[in-house]
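Undergrad: The sequence isn't on hand, but the structure is:
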C-alpha cells in the first residue's frame, strides 16, 4: 500500500509542477510548445541522474524510487504531450514548426538524459555522506 501511495503522491506533485510550467509559459495550438519541451528535457535529465546515481544506492527505499520515478516524473513528463503538440501543430498546417519541435525534442532530450546518467554515475561512486553534500 505504501508503494501505491508513493506513486499517487508523486503524481500529484509532478502534475502540479507541469501545470505551473505550462501556466508560466503558455502557448496556443499553433505556437511552439516551449513549456512541453522544457518539461520533457528537464525530466529526461533528472530521471537519468536518479537512475544512474541515487537509485543505485542500497539505502534508497523502493517507495522513494516509486515516488520520484513513476510518480513525480511520470506525471511531469509525458510522451503523449509531445504527440498532442505535434498533432495540434500539424492540424494547424504548421508542419515546419512541428518538425522543428520534434527535432528539438530529440536533440535536447537524448543529451539531457545522457548528461543525467553521466552525472548520476559520478555521484554513485561517492560515499553516501559526500553524495548529499555535493549534489
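TA: Structure's in. What do you need? All figures in this text were calculated on a predicted structure; none of them were measured in a lab. Numbers count the residues shown, from 1 in each chain.
Undergrad: which parts of the longest helix along the chain are buried?
TA: In the chain, taking DSSP state H as the definition, the longest helix is helix 95-124. Going by neighbour count (16 or more other C-beta atoms under 10 Å), the buried part of helix 95-124 is 97-98, 101, 105, 108-109, 112-113, 116-117, 119-120, 123. For the C-beta atoms, the positions are set from N, CA and C on the backbone; glycine is no exception.
Undergrad: need the helices for this structure, in chain order.
TA: According to DSSP H, the helices that the chain contains are 2-24, 34-52, 62-66, 74-76, 79-91, 95-124, 128-134.
Undergrad: Now for the most centrally placed residue in the chain: which residues touch it?
TA: The centroid of the chain falls nearest to residue 43 when counting by C-alpha atoms, centre = their mean (1.6 Å). Residue 43 makes contact with 73, 76, 77, according to C-beta atoms under 8 Å, 6 or more residues apart in numbering.
Undergrad: From these, pick the one nearest residue 16.
TA: Within the contacts of residue 43, proximity to residue 16 (C-beta to C-beta) peaks at residue 76, which comes in at 9.1 Å.
Undergrad: from memory the closest one sits against residue 39, does it?
TA: Yes: assessed by C-beta atoms under 8 Å, residue 76 is found in contact with residue 39 at 6.2 Å.
Undergrad: list the residues that contact both of the two?
TA: residue 18.
Undergrad: residue with max distance from the center of this protein?
TA: Among residues of the chain, the one most distant from the C-alpha centroid is residue 93; the distance is 28.2 Å, by C-alpha atoms, centre = their mean.
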